[in-house]
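> this is a predicted model, with the sequence first.
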Amino acid sequence: MATIQEPKVIIVGAGPAGLATAACLKKNSIPYLLLEKDDCYASMWKKYSYDRLHLHLDKQFCQLPHIPFPSSSPSYIPKKEFIQYLDDYVSFFNISPLYKRTVESAVFDEKSTRKWNVKVRNGNSGDVEEYFSRFLVVATGEASYPFIPQVPGLENFAGEAIHTTKYKNGEKFKGKSVLVVGCGNSGMEIALDLANHGAKTSIIVRSPIHLISREMAYLGLVMLSKYSVPYKLVDLIIVMLSKVKYGEISKYYGVKRPKEGPFASKLKYGKYPVFDVGTHQKIKSGEIQVLPAMTSITGGNDVVLENGKSLPFDVIVFATGFKRTTHNWLQGDDYLLNEDGLPKPAFPDHWKGKNGLYCVGLSRRGLYGIAFDAQNIATDINSSL
Ligand SMILES: Cc1cc2nc3c(=O)[nH]c(=O)nc-3n(C[C@H](O)[C@H](O)[C@H](O)COP(=O)(O)OP(=O)(O)OC[C@H]3O[C@@H](n4cnc5c(N)ncnc54)[C@H](O)[C@@H]3O)c2cc1C
Ligand SMILES: NC(=O)C1=CN([C@@H]2O[C@H](COP(=O)(O)OP(=O)(O)OC[C@H]3O[C@@H](n4cnc5c(N)ncnc54)[C@H](OP(=O)(O)O)[C@@H]3O)[C@@H](O)[C@H]2O)C=CC1
Ligand SMILES: O=C(O)C(=O)Cc1c[nH]c2ccccc12
């Protein structure tokens, strides 16, 4: 029986960030343990996202360390093909997460030689297991907890109310009156999918938004990553291109663009620009109705809006994003992560905490940011051994 080396590193979360970190540690022959609460890796992609999802950045900005996408892949990778890429990645690096293991506490013990003490609920047996390591990597994602706002009367809504993580496609909603709450990339693309499937679709837009094309995002990222063009100038160019293509958006959305540019808004406030993949045309044509914020639900199916109007719906899809729950289990970290589970240190030093604590995939730079973080973490741990 091979002796199981005590892991030098415990990685929490087997999404793309945890997988990338595992691969980079493996490249440095550093033993790790990868803990995952679900029954598979990349569950957000495999189980909790909708059918028509594509990577909305060019593939060169979405690959994980050491393995490029096949040259035959399209620029914007469909979900199924991205999952295949992850499957190949896991096989190549022989990554074996420990599944159904929810980390319930991680405590740093200065006096112990083993430093991080991680308690885990085994989803199969219900038992609490204990693991120890010198280093701990938080890879639990920006989108680890589906957020549904507290809407007065929601508990009595007579129709169906779901979060985007439960939405696959619009087939079963044909002919139904569906309200999408939230106009981020999930909400805008799901509204398009619903309209394409014959649902009577409305979407709530309550805050300023940036509407850009995938090509504009590509131009922005190339300017930033390859030519180090200052953010402010990139944002100025992107907003100008957006105005040329989409005009004054308040005419259709009832809101203006934010004062700060798309890249600045994303990095400072986590407000992502909306990549238009066809929704704008349906909003312009009136096929998708834009509504103001909702205030409550009354009388079974009626949604009350902030303009005082009340409209009946059969279905509500909450495209209201995600929160993090790191603060529920990570103890003793007063440096790296804030109450919202995001890094306090500014980029590019956001991935390294104290006492051997690291985070990966929390820099609001998507898969591109994951590759950056994972390689830095493995290099830093390697230099500490
Ligand atoms: C719908 C959607 C589309 C996206 N599209 C893109 C895109 O096109 N391009 C791009 O660059 N980025 C995109 N992103 C952003 C993000 O970069 C990627 O989704 C990527 O999957 C993030 O990977 P991750 O590993 O950081 O997080 P996740 O994929 O969320 O993985 C985190 C893992 O941690 C596990 N976990 C959480 N808490 C615990 C715990 N306490 N114990 C054990 N395990 C735990 C979860 O089960 C999960 O498997 C998208 C995000 C979403 C939600
Ligand atoms: N590759 C792709 O094609 C896709 C990528 N993504 C990515 O996944 C991540 C998550 O995106 P997404 O799921 O859209 O979540 P986001 O957090 O990006 O968007 C949430 C939206 O919900 C709105 N909202 C929240 N609460 C309310 C409320 N009470 N009433 C009305 N609106 C509300 C927010 O508006 P407000 O600003 O007013 O709070 C915001 O517009 C992002 O990084 C995104 O870029 C998502 C889908 C597709
Ligand atoms: O899609 C996401 O969640 C991402 O964070 C991908 C991403 C990386 N850099 C960006 C710049 C503008 C918009 C999205 C992204």
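It's in. Ligands and ions are numbered 1, 2, ... in the order given.

> for the residue in the stretch 201-350 of the chain positioned nearest to ligand 2, give me its contacts.
Closest residue of the stretch 201-350 of the chain to ligand 2, CB to the nearest ligand atom: residue 321 (2.6 Å). Using the backbone N, CA and C atoms, a C-beta is placed for each residue, glycine as well. Under the criterion of CB atoms under 8 Å, 6 or more residues apart in numbering, the neighbours of residue 321 are 143, 147, 182, 184, 186.

> I'd say residue 296 and residue 153 touch.
Yes - using CB atoms under 8 Å, residue 296 is in contact with residue 153, at 4.9 Å.

> of the contacts of residue 321, which belong to strands?
Residues from the contacts of residue 321 lying in strands, with DSSP state E as the criterion: none.

> which of those residues are buried, as a ChimeraX select command?
Once 16 or more other CB atoms under 10 Å is used to decide burial, the buried members of the contacts of residue 321 can be selected in ChimeraX as follows:
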select :143,182,184,186
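
> pLDDT for the contacts of residue 321 - can I get that in JSON lines?
Rendered in JSON lines, the data for the contacts of residue 321 read as follows (pLDDT from 0 to 100):
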{"residue": "143", "pLDDT": "96"}
{"residue": "147", "pLDDT": "98"}
{"residue": "182", "pLDDT": "98"}
{"residue": "184", "pLDDT": "98"}
{"residue": "186", "pLDDT": "98"}
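
> out of the contacts of residue 321, which are close to ligand 2?
Here is what survives when these are matched to ligand 2 using CB under 6 Å from any ligand atom: 143, 182, 184, 186.

> taking those residues, tell me the two that lie furthest apart.
Within the ones next to ligand 2 among the contacts of residue 321, 143 and 182 form the most distant pair, 13.2 Å apart (CB to CB).

> mind checking how far stretch 32-41 is from the chain centre?
For stretch 32-41, the separation from the chain centroid amounts to 18 Å (computed by CA atoms, centre = their mean, to the nearest Å).

> swap in stretch 17-25?
A distance of 17 Å separates the centroid of the chain from that of stretch 17-25, by CA atoms, centre = their mean.

> what about it and ligand 3, touching?
No - with CB under 6 Å from any ligand atom as the threshold, stretch 17-25 lies outside contact range of ligand 3, at a closest distance of 12.0 Å.

> re the thing from before, out of the ones next to ligand 2 among the contacts of residue 321, flag the one nearest to ligand 1.
Nearest to ligand 1 out of the ones next to ligand 2 among the contacts of residue 321 is residue 143 (CB to the nearest ligand atom; 3.9 Å).

> how close does the closest one get to residue 174?
According to CB to CB, to the nearest Å, residue 143 stands 28 Å off from residue 174.

> and the nearest residue to residue 278 once chain neighbours are set aside, backbone torsions?
In space, and not counting its chain neighbours, residue 278 is closest to residue 192: 5.2 Å by CB to CB, 6 or more residues apart in numbering. Comment: the main-chain dihedrals of residue 192 come out as phi -60, psi -40, following degrees, to the nearest 10.

> 52 is where my numbering starts, stick with that
Okay, using 52 as the starting number, the last item reads as residue 243.

> residue contacts, residue 243?
Going by CB under 8 Å, 6+ apart, residue 243 touches 328, 329, 330, 333, 339.
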